[in-house]
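Visitor: I need the structure of the sequence given here:
(one chain, ligands or ions: 2)
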Amino acid sequence: MTSYVAAIDQGTTSTRCMIFNHEGRVVSVDQREHEQIFPKAGWVEHNAEEIWENTRRVAAGALAKADLTAKDIAAVGITNQRETALVWDKKTGKPVYNAIVWQDTRTDKIVTELGNLGGGQERYRAKVGLPLATYFSGPKIKWILDNVEGAREKAEAGDLIFGNMDTWVLWNMTGGADGGVHVTDPTNASRTMLMDLDTLQWDAEIAGEMGIPLSMLPEIRSSSEEYGKVREKGALAGVPIAGILGDQQAATFGQACLSPGEAKNTYGTGNFMLLNTGTEKVMSQNGLLTTVCYKIGSNDTVYALEGSVAVTGSLVQWLRDNLGLITTAAEIEEHARSVEDNGGAYFVPAFSGLFAPYWRSDARGAIVGLTRFVNKGHLARAVLEATAFQSREVIDAMNADSGVALTSLKVDGGMVVNELLMQFQADILGVPVIRPVVNETTALGAAYAAGLAVGFWKSEDDIRTNWAQDKQWDPEMDDSRREREYRNWKKAVTKTFDWVSDED
Ligand SMILES: Nc1ncnc2c1ncn2[C@@H]1O[C@H](COP(=O)(O)OP(=O)(O)O)[C@@H](O)[C@H]1O
Ligand SMILES: O=P(O)(O)OC[C@H](O)CO
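Guide: Numbers count the residues shown, from 1 in each chain. Ligands and ions are numbered 1, 2, ... in the order given. Predicted structure coming up:
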């Protein structure tokens with residue numbers, strides 16, 4: 001009897017395997033962190049072989065913890081940190097370079113040069129829904145081909161292939177150099193800058209401008225269908241791999257945001273708010289991205305507007321790892337509670353420039369409003385408030401683009417255990433914030449995509465039925481304070497602009 005569905009969640013900081021039952025509740029989880037490699041200022045890399053090893057271990061670990069075998073699992077879904085780009089040799093399975101992570105800014109020059117061909121930052125937006133920015137995969141692939149010795153020749157000879165982490169994990173799980181399937185889904189492909197949002201096919205013209213051979217790119221299939229079976233050696237041997245969703249789209253699916261106008265905000269390494277816009281592709285005028293939300297089998301493509309914020313939870317990690325001001329992420333709440341407010345301090349974490357709604361790669365982080373009054377507690381608050389202010393900016397942009405005024409916000413991700421942050425978020429938005437019972441919505445969304453493909457769940461109604469609320473925070477702040485705080489934040493943001501110039 002196959003009573004469960006598994007999901008591999010290959011995230012920015014860790015890889016997890018989670019097993020879910022038919023009610024969408026977590027039965028088992030195993031997780032391993034991987035190294036964050038920072039070779040230079042602004043560069044962020046992952047060792048893809050370490051990630052593949054962790055994937056194997058967590059798949060075996062999650063089964064063992066629940067005392068299950070592959071025979072108990074109906075299907076497996078894959079979800080992943082998006083944009084992170086890897087190029088590997090399809091004969092040996094060896095990456096030619098570390099994976100270049102979505103936060104990495106080394107492609108700054110490439111991006112400027114492409115914009116100079118005409119149209120600037122907006123050059124490709126009409127086709128791909130994205131501004132030209134270091135965030136996306138295409139320029140990262142170009143950097144690898146331009147900078148790794150011999151890579152371009154090998155790529156042109158058809159020996160090298162590209163994938164985001166979904167494709168890398170899928171290719172290896174289905175046999176690697178020995179018959180691995182080279183496939184991705186439209187949610188991941190829509191983050192490369194190389195996929196046409198209407199046709200869901202690679203765009204030869206853009207790939208040509210970036211010097212990327214089309215033969216390197218994976219086949220784009222739907223987000224929910226069987227791509228292949230797990231190789232014989234795997235802990236999940238023989239189980240169909242039947243769902244792929246980029247992690248933020250997976251969280252949207254797992255949060256049951258299945259109708260136009262429904263949105264969720266995920267608080268992880270960064271923050272990502274997605275608004276389901278149905279089969280309509282809304283082109284942003286306010287610094288948001290247009291992206292594929294999901295495509296279930298042969299159903300119509302569902303699109304989303306997305307507000308991506310690069311640094312939120314990773315600012316808490318920075319406080320812990322780089323400054324040693326806290327020893328665990330959870331400790332930040334204690335410090336923040338030791339004071340009544342931020343003491344006038346605002347922390348704008350523009351570590352990777354600023355993403356939505358600004359898209360300023362020339363920005364760098366700043367703490368402003370400092371006086372001798374400010375102590376550790378105020379800084380802890382400023383760190384948490386930065387997450388909430390950045391989310392408010394994204395929601396304002398969404399309202400302006402879509403005309404949808406949210407009446408509440410569904411939240412999930414590692415930071416939503418922080419009650420002070422959730423209350424402040426409700427305060428600064430002026431609408432209730434709602435956390436579901438299953439906070440692991442990313443893995444759950446991928447499990448749903450896989451389970452729907454094999455008939456484990458019958459329809460999207462099962463997803464709606466399984467969703468349940470855990471806790472709600474209602475706004476308590478008065479309007480004048482809310483708007484004063486937000487004005488101060490906006491002013492603080494302007495202090496980070498124009499920091500990096502071409503000469504740097
Ligand atoms: N109690 C907490 N308060 C604030 N931030 C937290 C807390 N616990 C975890 N975090 C932050 O949440 C992030 C991890 O969330 P997660 O959703 O697992 O991330 P990802 O999927 O991006 O790897 C980390 O950046 C961490 O700093
Ligand atoms: O791994 P996460 O949860 O930080 O998500 C990363 C995003 O997919 C980047 O776009």
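Visitor: Please tell me how far the nearest residue to Gly138 once chain neighbours are set aside sits from ligand 2.
Guide: Excluding the flanking residues, the one nearest Gly138 by C-beta to C-beta, 6 or more residues apart in numbering is Met193, at 3.9 Å. (Glycine included, C-beta is placed from N, CA and C.) When C-beta to the nearest ligand atom, to the nearest Å is the yardstick, Met193 and ligand 2 sit 13 Å from each other.
Visitor: Met193 touches Glu205, doesn't it?
Guide: No. Using C-beta atoms under 8 Å, Met193 and Glu205 do not qualify as a contacting pair, with a distance of 11.8 Å.
Visitor: now this structure, which segments are flagged as low pLDDT?
Guide: Low-confidence segments of the chain (pLDDT under 70): 1, 502-504.
Visitor: Could you name the specific helix or strand carrying whichever residue of the stretch 301-450 of the chain sits closest to ligand 2?
Guide: Closest residue of the stretch 301-450 of the chain to ligand 2, C-beta to the nearest ligand atom: Ser308 (6.0 Å). Assessed by DSSP states H and E, Ser308 sits inside strand 302-309.
Visitor: repeat for Arg32
Guide: Counting by DSSP H and E, Arg32 is part of strand 26-33.
Visitor: Does that strand reach ligand 2?
Guide: No. If you take C-beta under 6 Å from any ligand atom as the test, strand 26-33 misses ligand 2, and the best it gets is 11.9 Å.
Visitor: centre of the chain versus the following helix or strand past that strand, how much separation?
Guide: As assigned by DSSP H and E, the chain's next helix or strand after strand 26-33 is strand 45-46. Counting by C-alpha atoms, centre = their mean, to the nearest Å, strand 45-46 is centred 15 Å from the centre of its parent chain.
Visitor: Please work out which residues outside strand 45-46 touch it.
Guide: Contacting residues not belonging to strand 45-46 are listed as His34, Glu35, Gln36, Ile37, Phe38, Pro39, Thr84, Asn98, Ala99, Ile100, Val101, Asp104 [C-beta atoms under 8 Å, 6 or more residues apart in numbering].
Visitor: Tell me, how many residues neighbour the closest residue to Asn47 other than its chain neighbours?
Guide: Leaving aside its chain neighbours, Asn47 sits nearest to Asn98 (5.8 Å; criterion: C-beta to C-beta, 6+ apart). Close neighbours of Asn98, defined as other C-beta atoms under 10 Å, add up to 20.
Visitor: Likewise for the one 10 residues further on?
Guide: Taking other C-beta under 10 Å as the neighbour definition, Asp108 ends up with a count of 19.
Visitor: Contact partners for the residue nearest to Gly138?
Guide: Contacts of Met193 by C-beta under 8 Å, 6+ apart are Tyr124, Val128, Leu130, Leu132, Phe136, Ser137, Gly138, Pro139, Ile206, Met210.
Visitor: re earlier: now render the contacts of strand 45-46 as JSON lines, adding distance to Ile326.
Guide: Shown next, in JSON lines, are the contacts of strand 45-46 (distance: C-beta to C-beta, whole Å):
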{"residue": "His34", "distance to Ile326": "22"}
{"residue": "Glu35", "distance to Ile326": "21"}
{"residue": "Gln36", "distance to Ile326": "18"}
{"residue": "Ile37", "distance to Ile326": "23"}
{"residue": "Phe38", "distance to Ile326": "20"}
{"residue": "Pro39", "distance to Ile326": "26"}
{"residue": "Thr84", "distance to Ile326": "27"}
{"residue": "Asn98", "distance to Ile326": "29"}
{"residue": "Ala99", "distance to Ile326": "28"}
{"residue": "Ile100", "distance to Ile326": "29"}
{"residue": "Val101", "distance to Ile326": "24"}
{"residue": "Asp104", "distance to Ile326": "26"}
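Visitor: what's near enough to touch Ser308?
Guide: Counting by C-beta under 8 Å, 6+ apart, Ser308 makes contact with Tyr135, Gln248, Gly270, Asn271, Phe272, Leu289, Phe355, Ala356.
Visitor: Could you spell out the sheet neighbours of the helix or strand hosting Lys410, each with its direction?
Guide: Assigned by DSSP H and E, Lys410 belongs to strand 409-412. Using DSSP bridges, the strands paired with strand 409-412 in its sheet are strand 263-267 (parallel), strand 433-436 (parallel).
Visitor: Is the first one in proximity to ligand 2?
Guide: No. For strand 263-267 and ligand 2, the contact criterion (C-beta under 6 Å from any ligand atom) is not met; the two come no nearer than 6.6 Å.
Visitor: Could you pull up phi and psi at Glu483?
Guide: Dihedral angles of Glu483 (phi, psi; degrees, to the nearest 10) stand at phi -70, psi -30.
Visitor: so what's Thr266 up against?
Guide: Asp247, Gln248, Ala251, Phe272, Met273, Val411, Asp412, Gly413, Thr441, Thr442 are the contacts of Thr266 under C-beta under 8 Å, 6+ apart.
Visitor: what's the answer for Gly254, then?
Guide: Contact analysis of Gly254 by C-beta under 8 Å, 6+ apart lists Asp412, Val438, Glu440, Thr441, Thr442, Ala443, Leu444, Gly445, Ala446, Ala447, Tyr448, Ile463.
Visitor: Nearest residue to the second one in space, ignoring adjacent ones along the chain?
Guide: Spatially, and ignoring its direct neighbours in sequence, Val438 is nearest to Leu444 (5.6 Å; C-beta to C-beta, 6+ apart).
Visitor: how about the CA coordinates for the host helix or strand of the one you found, as CSV?
Guide: Element membership for Leu444 (DSSP H and E) is helix 441-453. What follows is helix 441-453, C-alpha atoms only, in CSV (Å, rounded to 0.1, in the frame of the first residue of the first chain):
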residue,chain,number,x,y,z
THR,A,441,4.2,24.6,2.7
THR,A,442,7.1,24.4,0.3
ALA,A,443,7.6,20.7,0.6
LEU,A,444,3.9,20.2,0.9
GLY,A,445,3.3,22.0,-2.4
ALA,A,446,5.8,19.8,-4.2
ALA,A,447,4.2,16.7,-2.6
TYR,A,448,0.7,17.9,-3.9
ALA,A,449,2.1,18.4,-7.4
ALA,A,450,3.5,14.8,-7.4
GLY,A,451,0.5,13.3,-5.7
LEU,A,452,-2.0,14.9,-8.1
ALA,A,453,0.0,13.4,-11.1
